[in-house]
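>>> Sequence first, predicted coordinates after that:
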There are 2 protein chains.
Amino acid sequence: MTTMNRRVLLRRRPVGEPTPDDFEVVESPVPEPAAGQALLRTVWLSLDPYMRGRMDEGISYTGTPNPALGDVMVGGTVSEVIASNHRDLAVGDVVVGAQGWQAYAVAGPRGLRKIDPGVAPISTALGVLGMPGLTAYVGLLDIGQPRPGETVVVSAATGAVGAVVGQIAKIKGCRVVGVAGAQAKCDYAVKELGLDACVSHRAPNLDSALRAACPDGIDVYFDNVGGAVLAAVLRLINRNARIPLCGLISEYNARERPAGPNLRPILTQRALVKGFIVGDHTDRMADFLRDGSAWLREGRLRYREDVVEGLERAPEAFIGLLRGANFGKLLVRVGPEPARR
Amino acid sequence: MTTMNRRVLLRRRPVGEPTPDDFEVVESPVPEPAAGQALLRTVWLSLDPYMRGRMDEGISYTGTPNPALGDVMVGGTVSEVIASNHRDLAVGDVVVGAQGWQAYAVAGPRGLRKIDPGVAPISTALGVLGMPGLTAYVGLLDIGQPRPGETVVVSAATGAVGAVVGQIAKIKGCRVVGVAGAQAKCDYAVKELGLDACVSHRAPNLDSALRAACPDGIDVYFDNVGGAVLAAVLRLINRNARIPLCGLISEYNARERPAGPNLRPILTQRALVKGFIVGDHTDRMADFLRDGSAWLREGRLRYREDVVEGLERAPEAFIGLLRGANFGKLLVRVGPEPARR
């Protein structure tokens, strides 16, 4: 019996919101590792909003070309080494990398990071202890620079990045207000993540709801979404506010680039807006893993995973992600956990 | 014969664009300086776009309450001391301050800075060697941080602030592209100020005109105007671009706050936008005056004044300023130059 590889390819470039027909699930032989390569079996695939941009024509903003039609979809993965022609990769090693939406891949050690399954569940390497966690850490601490007692607002507050932002801001002694969609997410943000308040962006009057939650104004806004939430936040920012701009999820599916918020508060409040991309900040990974692992161990950093079973369900899960249908870090279980050694 | 004071009062708060009826020119007795005060005769009054905001209800973004109806309009002035009850202010001294739209005022030394008529014409203390010059210096150098060879774009490029921005950027070795309205202003920016190019925001296709003028993209955008120019610039910014946000003249007369530009390039290019107010940066005045005076003396910093004769013409000149009708630093000659001592 030959095991086959399963892969999700980009079949068509979406116009607006992606549809299942933009993807194609195919089977092909499991590849053979060349000299200097290992064969990796995907255990976990991460689904993240940035992938929407990677489906468009052109160069991604990380500087790498987007997949061509027929290429495998890109994505972060946790994999087990199941065969190896490289001395740095041993069978049984668990690695985090970017093998994309597929069950098997071959790769050299470049771009892979070994993870220790003893520290935390290996899926966390794609979430609270991975790229989303580093995004939160760098954006909040290096750009936002929150001071104790300041008010920090974070959008997509229960998402993979937002949940870490809110909890680190609490650790740093801030008043923290989340913004999320569903009431269940808002409840979770307060009761489980420990935020001081959480406002639904579906509130009939977002301005007044946010104002009530931020009686002292807003000093730091970690923005994942743009759109109406950003506009409402700007009306409440304090002098010298800092706005790490991490994502604009609200417009990723837009067919035309929507207008932005009125910028007058940025001028009058002497505010700072800084776009950033986590890939520029891997020099902070060691600091983040040190702090993040400690906070996790101490129970100060909680996380929630939204697990989808099976690679073939990745397209619909991804489409839902862009609508905010997930609740917690969205992961696809592509294969079984590695046997514990 | 008694000399009377003339004053321009805020008669009505404008809705949208100010009209002459929003102002009232009145005569009143020349005030008497109390103990610790001097009597100042206004020589020059500065007209600046920020004054539009000071005509609205409320607290200005500098933190001071806006004038009440019937109060004198606020504004920067160069004045001659003509009587004094304070030992630090001698008759004949020339001072720069904020005595407002009036021919005479009484004031103590606080908020006044003596200027040396031997260094440059005293009107320059309201322009190239005054608040507009400091605005340019701080915004460009401290926030924009241009490096030699980078492309710097400045809007309102022949205005009091913009003209200094462009010339300092040239001194720092940048490619400098101005944006202005009238063709005569664009010609002046290139031929007299030495900019590499200047684009009219009235060009039929602002995007392509700006792209042609900035073949290597845009690294620093010193923004005075917001609106369509900012949106066009964002589409051309390079990675790690810096945008000192100094003013939003294009919307100062708007009855409702207009939408802003799409912010995606700020995210994807990791750009920085920083609002600033010159009043927060008076600690840089000494550095600026040292550098600015030297550049002026060396002929590396040129300036153009647009002089209106007589205080009673200030309202119409100010209304024109917000339409871009002025050409160079807009000044009102309120009274004769002090006799040279």
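Okay, I see it.

>>> Strand partners (parallel or antiparallel) of the host helix or strand of A:Val199?
Secondary-structure element containing A:Val199, defined by DSSP states H and E: strand A:197-200. Strand pairing for strand A:197-200, using DSSP bridges, gives strand A:175-180 (parallel).

>>> So for chain A, which residue is the most central one in space?
With distances taken as C-alpha atoms, centre = their mean, A:Pro132 lies nearest the centre of chain A, 4.2 Å away.

>>> That one contacts A:Leu331, correct?
No - between A:Pro132 and A:Leu331 there is no contact under C-beta atoms under 8 Å: 11.0 Å. Bear in mind the C-beta positions are built from the backbone N, C-alpha and C, glycine included.

>>> Could you list the residues of chain A in contact with chain B?
Contacts of chain A with chain B, taken as C-beta under 8 Å from any C-beta of the partner chain, map to A:61, A:226, A:230, A:245-248, A:251, A:257-264, A:266-277, A:280.

>>> For the stretch 1-150 of chain A, which residue gets nearest to chain B?
Closest residue of the stretch 1-150 of chain A to chain B, C-beta to the nearest C-beta: A:Tyr61 (3.6 Å).

>>> That residue - nearest residue in space that isn't next to it in sequence?
Closest residue to A:Tyr61 apart from its sequence neighbours, by C-beta to C-beta, 6 or more residues apart in numbering or on different chains: B:Thr268 at 3.6 Å.

>>> Who are the contact partners of the one you found?
A:61, A:275, A:277 (C-beta atoms under 8 Å, 6 or more residues apart in numbering or on different chains).

>>> coming back round to it: intersection of neighbour lists for A:Pro132 and A:Leu331?
Common neighbours of A:Pro132 and A:Leu331 (C-beta under 8 Å, 6+ apart) are A:Leu126.

>>> still on that earlier bit, pull out the buried members of the residues of chain A next to chain B.
Among the residues of chain A next to chain B, those buried by neighbour count (16 or more other C-beta atoms under 10 Å in any protein chain shown) are A:61, A:226, A:230, A:245-248, A:251, A:260-264, A:266-277.

>>> Out of the residues you listed, which sit inside helices?
A:230, A:264, A:266-268 (DSSP state H).

>>> so A:Asn238 sits right up against A:Pro215, yeah?
No - A:Asn238 lies out of contact with A:Pro215 (C-beta under 8 Å); the separation is 11.6 Å.

>>> Among those two, which residue is more densely surrounded?
Here A:Asn238 and A:Pro215 are compared on neighbour count by other C-beta atoms under 10 Å in any protein chain shown; more neighbours surround A:Asn238, at 17 against 9.

>>> got the contact list for the one helix or strand the more buried one maps to?
According to DSSP H and E, A:Asn238 maps onto strand A:237-245. If you take C-beta under 8 Å, 6+ apart as the criterion, strand A:237-245 is touched by A:139-140, A:143-145, A:151, A:216-223, A:226, A:233, A:265-266, A:269-276, B:263, B:266-267.

>>> which parts of it are buried?
By 16+ other C-beta under 10 Å, the buried positions in strand A:237-245 come out as A:237-238, A:241-245.

>>> which other residues reach the strand holding A:Val199?
Contacts of strand A:197-200 (C-beta under 8 Å, 6+ apart): A:157, A:177-183, A:185-187, A:189-190, A:206, A:209-210, A:213.

>>> Check stretch A:270-285 too.
For stretch A:270-285, the surrounding residues in contact (C-beta under 8 Å, 6+ apart) are A:61-62, A:131, A:134-135, A:137-139, A:142-143, A:234, A:237, A:239-246, A:265-266, B:263, B:266-277, B:280.

>>> Over to stretch A:109-127?
A:38, A:43-44, A:46, A:76-78, A:86, A:88-89, A:93-98, A:128-130, A:132-133, A:160, A:293, A:296, A:303, A:305, A:329, A:331, A:337-338, A:340.

>>> Then stretch A:228-236?
A:153, A:155, A:179, A:201, A:206-207, A:210-211, A:214, A:217-218, A:221, A:223, A:243, A:250, A:260-263, A:265-266, A:271, B:263.

>>> can you pull out the strands in the stretch 201-341 of chain A?
A:218-222, A:237-245, A:272-275, A:305-309, A:329-333 (DSSP state E, counting those that start in this stretch).

>>> would you turn the ones you listed into CSV with distance to A:Val72 and mean pLDDT?
Below are these laid out as CSV (distance: least, C-beta to C-beta, whole Å; pLDDT from 0 to 100):
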stretch, distance to A:Val72, mean pLDDT
strand A:218-222, 31, 98
strand A:237-245, 29, 98
strand A:272-275, 28, 98
strand A:305-309, 18, 98
strand A:329-333, 14, 97
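
>>> sorry, back to before: which two among the buried residues of strand A:237-245 are spaced furthest apart?
A:Asn238 and A:Leu245 (17.7 Å; C-beta to C-beta).

>>> Just the CA trace of the longest helix anywhere in chain A, in CSV.
Secondary structure of chain A per DSSP H: the longest helix is helix A:285-297. C-alpha atoms of helix A:285-297 as CSV (Å, rounded to 0.1, in the frame of the first residue of the first chain):
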residue,chain,number,x,y,z
MET,A,285,11.9,35.4,18.8
ALA,A,286,14.3,34.3,21.6
ASP,A,287,13.1,37.0,24.0
PHE,A,288,9.5,36.2,23.1
LEU,A,289,10.0,32.4,23.6
ARG,A,290,11.7,33.0,27.0
ASP,A,291,8.9,35.4,28.2
GLY,A,292,6.1,33.6,26.6
SER,A,293,7.0,30.2,27.8
ALA,A,294,7.4,31.5,31.3
TRP,A,295,4.0,33.2,31.2
LEU,A,296,2.4,30.1,29.9
ARG,A,297,4.0,28.0,32.6
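
>>> avg pLDDT for it?
Averaged over helix A:285-297, pLDDT sits at 96.

>>> Show me which residues of that helix are buried.
A:285, A:288-289, A:291-293, A:295-296.

>>> closest to A:Arg6 among those residues?
Once C-beta to C-beta is applied, the member of the buried residues of helix A:285-297 that ends up nearest A:Arg6 is A:Met285, at 30.4 Å.

>>> From A:Gly133, how far out is that closest one?
10 Å (C-beta to C-beta, to the nearest Å).

>>> Read off the pLDDT value for A:Val78.
Predicted confidence (pLDDT) for A:Val78: 98.

>>> what residues are up against it?
Going by C-beta under 8 Å, 6+ apart, A:Val78 touches A:42-44, A:94-96, A:115, A:122-123, A:125-126.

>>> secondary structure class for it?
Here A:Val78 is recorded as strand under DSSP: H, G, I helix; E, B strand; the rest coil.

>>> The nearest residue to it once chain neighbours are set aside: which element?
Spatially, and ignoring its direct neighbours in sequence, A:Val78 is nearest to A:Trp44 (4.2 Å; C-beta to C-beta, 6+ apart). Element membership of A:Trp44, judged by DSSP H and E, is strand A:38-46.

>>> roughly how far is that strand from the heart of the chain?
Distance of strand A:38-46 from the chain centroid (C-alpha atoms, centre = their mean, to the nearest Å) equals 18 Å.

>>> Tell me the gap between the following helix or strand past it and the middle of its chain.
Scanning forward in sequence from strand A:38-46 by DSSP H and E, the next helix or strand is helix A:51-54. Its chain's average C-alpha position is 12 Å from that of helix A:51-54, according to C-alpha atoms, centre = their mean.
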